[in-house]
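>>> Take this sequence and fold it.
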Amino acid sequence: MSVWYFGTDPAVLKPPFRLQPLHTLDVTNETQLRRHVAGRYLAVSTTLSHGSYLDEPAWLIRRLRITAPFARTRTFLIFDLDQLAPAAQQQVGQQPERAEHQHKK
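Numbers count the residues shown, from 1 in each chain. Just a heads-up that it's a prediction; the model follows:
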């Protein structure tokens, strides 16, 4: 599973995880995102998805905030990339609403 995370936990470097620091890569659309993400699931730390630490890639952060996660842990939201909210769902200038987290683990 690909993991978008900023931190020092060495567990993220071992299988079955694959660290993907998307904020350091040139990921400007969904096609490029899928080139970097192994499989269809992406675990995103809540600090990155809903914190104020990062604002890039802005398009991805906006999409994740309006997409309900597939599952979650205490510190990660797990998204099914096949279920990302359509980009057209958010209008220009509209503040993204945070997805309700229905699946808890």
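
>>> would you put the C-alpha positions of the helix-or-strand element of the chain with minimal mean pLDDT in PDB?
Lowest mean confidence among the helices and strands of the chain (mean pLDDT, DSSP states H and E): helix 46-50, at a mean of 80. Below are the C-alpha coordinates for helix 46-50, written out as PDB (Å, rounded to 0.1, in the frame of the first residue of the first chain):
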ATOM      1  CA  THR A  46      -4.400  13.000   8.700                       C
ATOM      2  CA  THR A  47      -1.700  15.700   9.300                       C
ATOM      3  CA  LEU A  48      -1.200  16.000   5.600                       C
ATOM      4  CA  SER A  49      -4.800  15.600   4.400                       C
ATOM      5  CA  HIS A  50      -6.600  17.800   7.000                       C
END
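
>>> That one - contacts with which helices or strands?
helix 58-65, strand 76-80 (3 or more C-beta pairs under 8 Å, 6 or more residues apart in numbering; DSSP states H and E). C-beta here means a position set from N, CA and C on the backbone, and glycine is covered the same way.

>>> so which of those comes closest to residue 34?
helix 58-65 (11.6 Å; C-beta to C-beta).

>>> Need the mean per-residue confidence for the helix or strand just after the closest one.
Proceeding N to C from helix 58-65, the next assigned helix or strand is strand 71-72, under DSSP states H and E. For strand 71-72, the mean per-residue pLDDT is 94.

>>> looking at the helices and strands packed on helix 46-50, which is buried most?
strand 76-80 (a mean of 21; mean count of other C-beta atoms under 10 Å).

>>> Pull the residues that contact that strand.
With contacts defined as C-beta atoms under 8 Å, 6 or more residues apart in numbering, strand 76-80 is touched by 1, 3, 5, 40-46, 49, 64, 67, 69-72, 101.
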